[in-house]
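J.: Sequence below, structure please.
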Amino acid sequence: MAPPVRSLAYCIVSTTEIPQGLVGVGGGEVFSIASEGVACLCSPIEEGSSLLSSRVKEGALAAYKVIQDVFAENDVITFRFPTLFVDEEAIRAHLREKGNDYREGLARIAGHVQMEVFLPIADEKADRSSGTSYLKSVQKRGKAAKSGLDELLARCRPEARDAKSRHEKGGFRVYALVPRGCDMVFRRKLESQGDGAFRVSGPWPPMAFLPESDPDTA
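T.: Residues are numbered from 1 along each chain as shown. Alright, predicted model coming up:
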C-alpha cells in the first residue's frame with residue numbers, strides 16, 4: 001500500500017495575494033486553501049518521504065525556497081518545517097480557528113520585512129575571580145554594547161519602524177521592522193555608522209513582530 005499523502009504547509013498569505021506555478025518540496029505543485037480571509041499555501045507530500053526524515057535538511061531548504069519566492073512579492077506568516085495537515089478539511093479547520101489571528105498578524109506586518117543585527121559580546125576582559133563576578137561583568141558589558149546598538153538603530157529611523165531584541169549566547173540579536181524596499185538603505189545607514197562589530201542579515205519575513213513571538217521588547 002502506498003504511504004498516505006499529507007499537505008505540507010509553507011505559509012499564510014492574504015487571499016488577494018496567491019502566487020501561481022510554485023513547485024513544492026519533492027516536486028508537488030503548491031496549492032492554496034482559502035478561508036476566513038486568508039489562504040494557506042501547501043503542497044502534497046508522502047508521509048514517509050525521506051525529505052521529512054533522513055533528508056530533512058534538504059527538505060527544509062526546498063521549503064525555504066518556496067517561502068522566499070512567495071515572500072519576494074507578498075507578506076507572509078510562515079510555518080515551521082515540517083508542518084503537515086492530514087487533508088484539506090484539516091487546513092480549513094485550522095484557518096477557521098486561527099483566521100482572525102492570521103488576519104491581524106498580516107495587517108501588523110503589511111508592507112514590511114525583518115532585518116536582524118547580531119552584536120557579539122566578547123568576554124576576554126570579563127572579571128573571572130568568581131562565577132558571580134563573571135556574570136555581572138558580562139551583563140555590564142552586554143548592557144553597554146546594547147545601549148550603543150540602540151543609539152545606532154535610533155539613527156536609522158524612519159527605516160527602522162520598530163525593534164525588538166533578545167540576549168543569545170555570545171551576544172545580542174536585534175530585530176528591526178523595516179518597510180519593504182528600504183532594507184538596503186537600513187543596512188547602509190547601520191554599517192556606515194557602526195564600527196563593523198555587528199552582523200546585519202535580511203530581509204526576512206517579520207515573524208518576530210507577530211503577537212506569539214517571544215523576543216524581549218527593546
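J.: quick one, phi psi at the closest residue to W204 other than its chain neighbours?
T.: Nearest non-adjacent residue to W204, counting by CB to CB, 6 or more residues apart in numbering: Q114, 4.6 Å away. Just so you know, the C-beta spots here come from the backbone N, C-alpha and C atoms, and that holds for glycine as well. Dihedral angles of Q114 (phi, psi; degrees, to the nearest 10) stand at phi -110, psi 130.
J.: where's Q114 relative to D162, distance?
T.: Q114 is 10 Å from D162, where distance means CB to CB, to the nearest Å.
J.: same question, V66
T.: 27 Å.
J.: what about Q114 and D162, which has more around it?
T.: Q114 (21 against 17; other CB atoms under 10 Å).
J.: Looking at the more buried one now. What's its pLDDT?
T.: With respect to pLDDT, Q114 has a value of 96.
J.: pLDDT weak spots in this protein?
T.: 1-3, 17, 122-158, 193-196, 212-218 (pLDDT under 70).
J.: For it, which segments are assigned as strands?
T.: For the chain, the strands defined by DSSP state E cover 5-14, 31-35, 38-46, 77-85, 112-120, 162-168, 171-179, 199-204, 216-217.
J.: Tell me what angle the third one forms with strand 31-35.
T.: When you say that, I think you mean strand 38-46. Here strand 38-46 runs at an angle of 140 degrees relative to strand 31-35 (axes from the mean of the first three to the mean of the last three CA atoms, to 10 degrees).
J.: now swap in the fourth one and tell me
T.: In this structure, strand 77-85 runs at an angle of 100 degrees to strand 31-35, with the same axes, to 10 degrees as the basis.
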